[in-house]
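Visitor: One predicted model, sequence on top.
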Amino acid sequence: MKLDLGCGNAKKPGFTGVDVAPDCGADIVYDLRTTPWPFADESVDEAWCAHFFEHLAGAQRIAFMEELHRVMKPGAQATIITPYWTSGRAVQDPTHQWPPLLESSYLYFNRDWRERSGMGHYGIRCDFDYRFAFAYVDDWAHKPAEEREFARKHFVNVVGDLHVFLTRR
């Protein structure tokens, strides 16, 4: 099973779309803020979530990741795409929740990092390996990598979206 979580009107081809809106063409109408999700443990081969996660508040983000971990098969990959924290798009939408998302937001969903950082008291149980990619805005997309990296770290509106690739451990 391949799930597009919070698919809206742009369901990824070949995926089962899940969304709270009944008129968006989702295959399953369900509020992903409600747990447990209607999927069996370790039943999902791949998950896709584009421009939904930033709409969740902090505690909802943790619950979402716990459920994602529960339903994914070991070794399965999830892709989460959100506006990057230094993009104006991260804060312009009044339905986006605080804080905006950056790479280190996802560290909390890795058990080894939590243990090394003394964050075990957070009560988060999910365990994902992670890697990141950046979708640079047009003005920066074709510049040399070193110049892009400097700009990403020092300027705003250089990266539009953060792509996070999670693998269930």
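Guide: Here it is on my side, so go on.
Visitor: Model confidence for the residue of the chain most remote from its centre, exactly?
Guide: For the chain, the residue at maximal distance from the C-alpha centroid (CA atoms, centre = their mean) is Pro144, at 27.0 Å. We note a pLDDT of 97 for Pro144 in this prediction.
Visitor: just Arg116 next, same as before
Guide: Predicted confidence (pLDDT) for Arg116: 96.
Visitor: which residues sit in contact with it?
Guide: For Arg116, no contacting residues are found, by CB atoms under 8 Å, 6 or more residues apart in numbering. Yep, even glycine has a C-beta here, placed from its N, CA and C like the rest.
Visitor: Recalculate using a threshold of 10 Å.
Guide: Residues near Arg116 by CB atoms under 10 Å, 6 or more residues apart in numbering: 107, 110.
Visitor: Dihedrals phi and psi, it?
Guide: Note on Arg116: its backbone torsions stand at phi -60, psi -30 [degrees, to the nearest 10].
Visitor: quick one: the residue most central in space within the chain from Ala40, how far?
Guide: For the chain, the residue nearest the mean C-alpha position is Ile80 (3.1 Å; CA atoms, centre = their mean). Per CB to CB, to the nearest Å, Ile80 is found 21 Å from Ala40.
Visitor: which of the residues in stretch 2-17 are buried?
Guide: Judged by neighbour count using 16 or more other CB atoms under 10 Å, the buried positions of stretch 2-17 are 3-8, 11-12, 15-17.
Visitor: Which of those sits closest to Gly58?
Guide: Nearest to Gly58, judged by CB to CB, of these is Gly6 at 17.0 Å.
Visitor: From Asp45, how far off is the spatially closest residue to Phe39 that is not a sequence neighbour?
Guide: Counting by CB to CB, 6 or more residues apart in numbering, the nearest residue to Phe39 once its immediate chain neighbours are dropped is Val71, at 4.4 Å. Counting by CB to CB, the separation of Val71 from Asp45 is 10 Å.
Visitor: For those two, list the residues in contact with both.
Guide: With CB under 10 Å, 6+ apart as the test, Val71 and Asp45 both reach 1, 3.
Visitor: So if I had to pick from those two, which one is more boxed in?
Guide: Val71 (22 against 13; other CB atoms under 10 Å).
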